[in-house]
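# A structural model of the following input is requested.
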Amino acid sequence: MDAGALIIMFALVMLFAFLGLGAWATVKAVGAAKRGVDRTITQAKRTVEDTALKAKSLGQVGVGGSLAQLRLDLRTSMRATQEALTEGARTDASLKESLALFERLSAHGHELDDELKRLEQEPDRARVARALPDLRERVAKITQGAESLRWAARDRARRFADDDLSTLSTQIEAESDALRDWASRRDPLDDLAAAAAAWDAGEGASGPSGAGSGTSGTAPGAGAGQDARERQQAPSPAPALNPAAQAPQYPWQKNARPETTT
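All right, here's what the predicted structure looks like:
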């Protein structure tokens with residue numbers, strides 16, 4: 001197979017790879033766009049339904065208004081808990097178990113919301129009125145569970161924030177005390193000046209003036225007698241280095257004759 005065929009095959013492989021990559025990117029983009037559209041539609045429908053429930057709870061009296069208020073309370077509590085747990089789980093991994101419990105509670109909440117929605121269309125208002133106490137109790141149990149999870153997550157986040165703030169405050173106080181400790185901060189030029197002054201003081205004490213000041217108080221005679229005694233006690237100086245005088249003397253050697261000057 002020649003080089004031209006290899007180049008053509010390589011070009012085809014690269015073309016198919018780019019086509020496949022483009023198709024995969026297109027599918028991902030379409031999926032992301034579809035999820036975004038679905039999320040927007042769901043949020044819009046939720047907003048419209050919540051607005052309708054608020055209008056019913058305020059505008060209607062009797063069974064219809066009570067059912068609308070129960071649905072509104074249930075949806076508001078569940079939505080607030082879901083947002084709090086989801087946001088907290090991003091920074092605190094221990095909230096994943098709380099999210100699992102909320103998913104189980106959310107299943108009961110959706111079931112109860114669907115039941116309340118069906119009862120809104122129920123023509124037998126007397127029977128719905130007799131069921132209202134039980135419905136209120138069920139809504140209260142679900143909302144209490146949701147609120148317990150929500151406030152526990154918020155208290156945990158606030159406790160972590162308070163601990164971090166306390167630690168930060170302690171570090172700031174320590175750093176502030178260190179910055180205010182002017183006595184422990186000395187200029188290197190001051191250290192050099194102090195060292196130079198100490199050196200000058202030592203030279204003055206051991207120099208000629210110091211020696212003279214130390215002996216100025218003694219009498220002349222006493223000083224002369226002390227010098228004489230020191231000279232007598234001092235060992236005699238070593239003889240001058242003379243090779244002839246320091247050479248060893250042996251019995252068979254003759255005495256050196258003195259040199260004549262004539």
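
# what comes up buried for the host helix or strand of residue 79?
If you go by DSSP states H and E, residue 79 is part of helix 63-89. Neighbour counts over helix 63-89 (16 or more other C-beta atoms under 10 Å) mark 63-64, 66-75, 77-78, 81-82, 84-85, 88-89 as buried. C-beta: built from backbone N, CA, C; applies to glycine.

# and the helix or strand encompassing residue 19, what does it pack onto?
Element membership of residue 19, judged by DSSP H and E, is helix 3-59. Applying 3 or more C-beta pairs under 8 Å, 6 or more residues apart in numbering; DSSP states H and E, one finds that helix 3-59 makes contact with helix 63-89.

# quick one: the helix it packs on to helix 3-59, angle?
In terms of direction (axes from the mean of the first three to the mean of the last three C-alpha atoms, to 10 degrees), helix 63-89 departs from helix 3-59 by 140 degrees.

# now helix 63-89, how far from the centre of its chain.
Relative to the centre of its chain, helix 63-89 is centred 37 Å away, using C-alpha atoms, centre = their mean, to the nearest Å.

# and the pLDDT at the nearest residue to residue 58 once chain neighbours are set aside?
Closest residue in space to residue 58, ignoring its immediate chain neighbours: residue 65 at 7.7 Å, by C-beta to C-beta, 6 or more residues apart in numbering. For residue 65, the model assigns a pLDDT of 87.

# check residue 107 too.
With respect to pLDDT, residue 107 has a value of 94.

# repeat that for residue 143.
pLDDT recorded at residue 143 is 95.

# now do the contacts for the nearest residue to it once chain neighbours are set aside.
Among residues not flanking residue 143 along the chain, residue 77 sits closest, at 4.2 Å (C-beta to C-beta, 6+ apart). Shown in contact with residue 77 (C-beta atoms under 8 Å, 6 or more residues apart in numbering): 142-143, 146-147, 150.

# rebuild those as TSV, extending it with distance to residue 123 and secondary structure.
Converted to TSV, the contacts of residue 77 look like this (distance: C-beta to C-beta, whole Å; DSSP: H, G, I helix; E, B strand; the rest coil):
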residue	distance to residue 123	secondary structure
142	27	helix
143	28	helix
146	32	helix
147	34	helix
150	37	helix
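
# out of those residues, flag the one nearest to residue 51.
Among the contacts of residue 77, residue 143 lies closest to residue 51 (C-beta to C-beta), at 20.4 Å.

# just confirm that closest one contacts residue 74, I think it does.
Yes. Between residue 143 and residue 74 there is a contact at 6.3 Å, judged by C-beta atoms under 8 Å.

# how many other residues sit next to residue 147?
13 (other C-beta atoms under 10 Å).

# is it correct that it is in contact with residue 78?
No. The pair residue 147 / residue 78 is not scored as a contact, 10.0 Å apart, by C-beta under 8 Å.

# where does pLDDT dip in this protein?
1-2, 38-39, 42, 182-192, 202-262 (pLDDT under 70).

# run the last query once more with 50
Within the chain, the segments meeting pLDDT under 50 span 208-224, 239-241, 243, 245, 250-252, 254, 261-262.
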